[in-house]
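Build me a structure from this.
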Amino acid sequence: MNRLKMLRWLLTALCLGVALGASAPMRAQGDMILYRNETLGMAFQYPPGWTVRETPLAATVTAGTAADLDALDQGLPPSGLIFSVTMSSLRQLGLAGAGDLAGLLSQLAGEGAVAEPVRFGGASGVAATVNALDQDMTVRTAVLSTGHRRIAIVRGLATQAGWTSGARDWFAVLATTLGFFPPSSGLEGDNITAVLWQLPAPDLTHLTGLALRPGGATLYASDRERGVWVVSGNGVPGPVVRPAEMSSFAGLVAREDGTLIIADPARHALWQLTPDGVAQVFVGGVQGEGRGEFGPDAPAQFDTSPRGFFVLDQSTTGFKIHPLSTLGRPATAWDYSQEFGPVDAPHMAVDFDGNIHIVARNTNGIIRLDANGNILAQNLGAEALAGAEPLALVVDGFRNMFVATSDRGILQLEPDGALKNVIGEPYDAALPPKTGQIARPVALAIASDGGPLYVADGGPFPQIVAFVVDGKPALNLEAGTRDGGPISLGAPVTGQITADAFMWTYSFDGRAGDVVTITLRAAENSPLDPFVDLVGPQRRRLVASDDANAPGLRPTDAQISNFPLPDTGTYTIRATRFGRETLPGEGMFVLTLERGG
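As a prediction, the model looks like this:
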């Protein structure tokens with residue numbers, strides 16, 4: 001790689017298509033200046049005399065002297081340090097979880113990269129420094145998991161002489177000022193939904209579908225290769241059923257008598273499986289364009305209403321819907337190639353009235369059709385789903401729509417598409433999930449009365465999770481919150497999390513640019529799993545921490561490290577347990593507020 005290419009690589013290696021929002025520098029502690037970007041959810045401090053430039057298409061901000069940034073644009077070596085931060089996600093980078101960060105670092109840093117663990121801004125990850133001897137350049141790259149499946153790529157670049165004569169130290173200083181917080185999209189808000197049960201499924205590594213038997217007594221989970229897992233409605237595992245006649249297992253529907261209709265895309269058919277294990281073709285069995293025939297990878301998804309079945313079919317030109325009678329008799333096919341063109345990875349769900357809902361990566365929200373195939377609405381939930389990767393869709397009896405996404409949890413949308421709630425806690429899957437954490441929700445099922453929402457998680461630790469979505473946790477939250485009063489710098493306070501008092505709030509006054517570290521640890525011999533967040537003067541959550549994995553703390557202790565305050569005013573620290581009002585767990589805690597930086 002020549003020098004010009006190496007310099008331009010710093011800014012063009014990733015084009016992530018995220019627009020940057022307005023951001024204004026503010027004076028921080030000492031002589032440093034605070035840069036904060038609400039859209040990207042990140043902040044850092046830089047010295048006077050430097051400037052920050054934003055590259056919207058690459059979701060990147062770059063800092064350095066104006067002369068060095070101009071030199072970079074021209075492919076010339078800088079005289080000092082170039083510092084940049086790129087925000088992305090596991091999905092955008094094609095990663096399954098935090099365990100893949102070392103592989104990503106190797107790709108970014110190139111040959112000779114030796115990964116080392118690092119922690120900046122409360123985010124853990126790996127970093128490496130590479131000297132390109134033939135180009136007289138040194139590049140340090142860090143890849144960090146910042147929570148909610150978001151990834152930060154932090155880079156420092158200088159000539160080799162510049163690196164050893166000060167740029168290395170400046171990189172270390174700037175890296176310690178980094179802070180990460182929920183972006184202004186609002187989709188990572190303060191939503192915690194109660195978990196009924198969480199069932200590991202280690203043997204089902206290719207989960208594809210979920211179906212709930214009417215009445216909610218039995219849940220069925222399909223695995224593409226293994227068959228159908230029978231689970232009771234309260235999370236007790238049963239047998240895995242695999243009819244020999246079937247070749248693959250995808251979407252499925254359960255009837256009241258326990259009969260299953262199962263999609264087999266390898267055989268291009270829907271099968272009927274009776275409770276006593278008898279399997280026969282329900283419809284299809286031939287690939288083609290004729291009546292009752294399906295495309296190359298279909299049928300994989302279908303749904304039902306009292307009026308019959310609706311099967312999703314897809315081709316290179318668009319998608320089709322095959323309406324079937326309740327007995328599986330095909331009549332026609334509705335082709336939407338002309339209306340919508342090719343769709344990327346579509347998902348479907350049907351409500352009680354037979355209205356059909358379609359969402360894909362490129363549909364700009366949800367499409368709603370009536371039971372006769374007429375277009376009723378388009379772009380439902382477009383704002384909430386912007387930039388998301390839909391993985392599954394279900395509609396409850398009240399026409400609320402639930403869209404499982406790869407990195408935002410499950411979005412609950414009103415019938416008009418307005419965002420109502422975010423269910424589940426996305427995580428990077430580096431370790432087995434805690435209660436309510438989901439890595440890749442690939443299938444959904446819900447009771448017709450809007451009761452429990454069942455989620456099949458096809459991430460590195462497969463599982464089935466049942467969430468309560470019709471309760472009122474906010475009422476319990478208010479009753480279980482206690483005011484601990486003001487907290488002073490350097491003066492630890494102790495408290496106790498109990499069944500009746502599971503969250504304590506503490507306030508302090510801060511100035512824009514102040515840098516603070518907030519540590520919440522379990523007291524000695526306390527079984528508590530602490531969770532802490534910080535609410536700003538505008539009553540918006542700014543940053544949160546669960547497992548800090550920081551020196552001197554237990555792995556489950558929480559710490560918000562070196563966080564720059566964005567505004568002047570009164571801040572609120574909320575000290576609680578993981579799961580807050582939705583999970584048990586009691587014990588004593590120690591909370592400390594310290595000046596960072």
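
And the strands in the stretch 451-597 of the chain?
Counting by DSSP state E, counting those that start in this stretch, the stretch 451-597 of the chain has strands at residues 453-457, 463-467, 481-486, 493-497, 503-510, 515-522, 530-535, 541-545, 558-564, 569-577, 587-595.

can you redo the ones you listed as CSV with distance to I410?
Yep, even glycine has a C-beta here, placed from its N, CA and C like the rest. Formatted as CSV, the strands of the stretch 451-597 of the chain follow (distance: least, C-beta to C-beta, whole Å):
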stretch, distance to I410
strand 453-457, 7
strand 463-467, 8
strand 481-486, 26
strand 493-497, 27
strand 503-510, 24
strand 515-522, 28
strand 530-535, 20
strand 541-545, 19
strand 558-564, 25
strand 569-577, 22
strand 587-595, 30
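
weakest of those by average pLDDT?
Among the strands of the stretch 451-597 of the chain, strand 541-545 has the lowest mean pLDDT, at a mean of 81.

Outside of it itself, list whatever touches it.
With contacts defined as C-beta atoms under 8 Å, 6 or more residues apart in numbering, strand 541-545 is touched by 122, 147, 179-182, 189-190, 518, 520, 531-536, 558-560, 563, 566.

hey, which of the strands of the stretch 451-597 of the chain is tucked in deepest?
strand 453-457 (a mean of 27; mean count of other C-beta atoms under 10 Å).

Check what pLDDT D547 gets.
76.

Quick check: buried residues in stretch 287-303?
Of all the residues in stretch 287-303, those buried under the rule 16 or more other C-beta atoms under 10 Å are Q287, G292, E293, F294, G295, A298, P299, A300, Q301, F302, D303.

cool, stretch 419-439 as well?
Applying 16+ other C-beta under 10 Å to stretch 419-439 flags 419-430, 433-439 as buried.

Those in helices, which ones?
Counted as lying in helices by DSSP state H, out of those, is not a single one.

which residue sits closest to the most centrally placed residue in the chain, ignoring its sequence neighbours?
Centroid check for the chain by C-alpha atoms, centre = their mean gives D407 as the closest residue, at 2.1 Å. Closest residue in space to D407, ignoring its immediate chain neighbours: R149 at 3.9 Å, by C-beta to C-beta, 6 or more residues apart in numbering.

Let me know which of the strands of the stretch 451-597 of the chain is the nearest to G215.
Checking these against G215 by C-beta to C-beta gives strand 453-457 as the closest, at 14.0 Å.

got the contact list for that closest one?
Residues contacting strand 453-457 (C-beta under 8 Å, 6+ apart): 207-210, 212, 219, 221, 392, 394, 402, 404, 410, 423-424, 433, 438-446, 462-469.

quick one, it and strand 463-467 angle?
Taking axes from the mean of the first three to the mean of the last three C-alpha atoms, to 10 degrees, one finds strand 453-457 and strand 463-467 inclined to each other by 160 degrees.

ends of stretch 268-285, how far apart?
5 Å (C-alpha to C-alpha, to the nearest Å).

Ok, stretch 484-501 next?
11 Å.

Need the residues that contact it.
Residues contacting stretch 484-501 (C-beta under 8 Å, 6+ apart): 479-482, 503-508, 523, 528, 573, 575-577, 584-595.

make it 6 Å
Residues outside stretch 484-501 that contact it (C-beta atoms under 6 Å, 6 or more residues apart in numbering): 482, 504, 506-508, 528, 577, 586-593, 595.

burial of the nearest residue to E293 once chain neighbours are set aside, as a residue count?
Closest residue in space to E293, ignoring its immediate chain neighbours: V286 at 4.8 Å, by C-beta to C-beta, 6+ apart. Neighbour count for V286, taken as other C-beta atoms under 10 Å: 11.

gap between V286 and G552?
66 Å (C-beta to C-beta, to the nearest Å).

same question, A418
For A418, the distance to G552 - C-beta to C-beta - is 45 Å.

Which one of these two is surrounded by more residues?
A418 (12 against 9).

any idea how far L385 is from the more buried one?
Taking C-beta to C-beta, one finds A418 at 12 Å from L385.

Overlap of the contact sets of those two?
In contact with both A418 and L385: no residue, using C-beta under 6 Å, 6+ apart.

coming back round to it: looking at the contacts of stretch 484-501, which is nearest M246?
Out of those, the member with the shortest distance to M246 (by C-beta to C-beta) is R577, at 45.0 Å.

For that closest one, which non-adjacent residue is spatially closest?
R577 sits nearest to G585 (C-beta to C-beta, 6+ apart), 4.5 Å away.

L69 now?
That would be R53: by C-beta to C-beta, 6+ apart, it lies 5.7 Å from L69.

before we move on, which element is that neighbour in?
strand 50-55 (DSSP states H and E).

and that strand, which strands flank it?
strand 60-65 (antiparallel) (DSSP bridges).

If anything else comes up later, I'll come back, but that's it for now.
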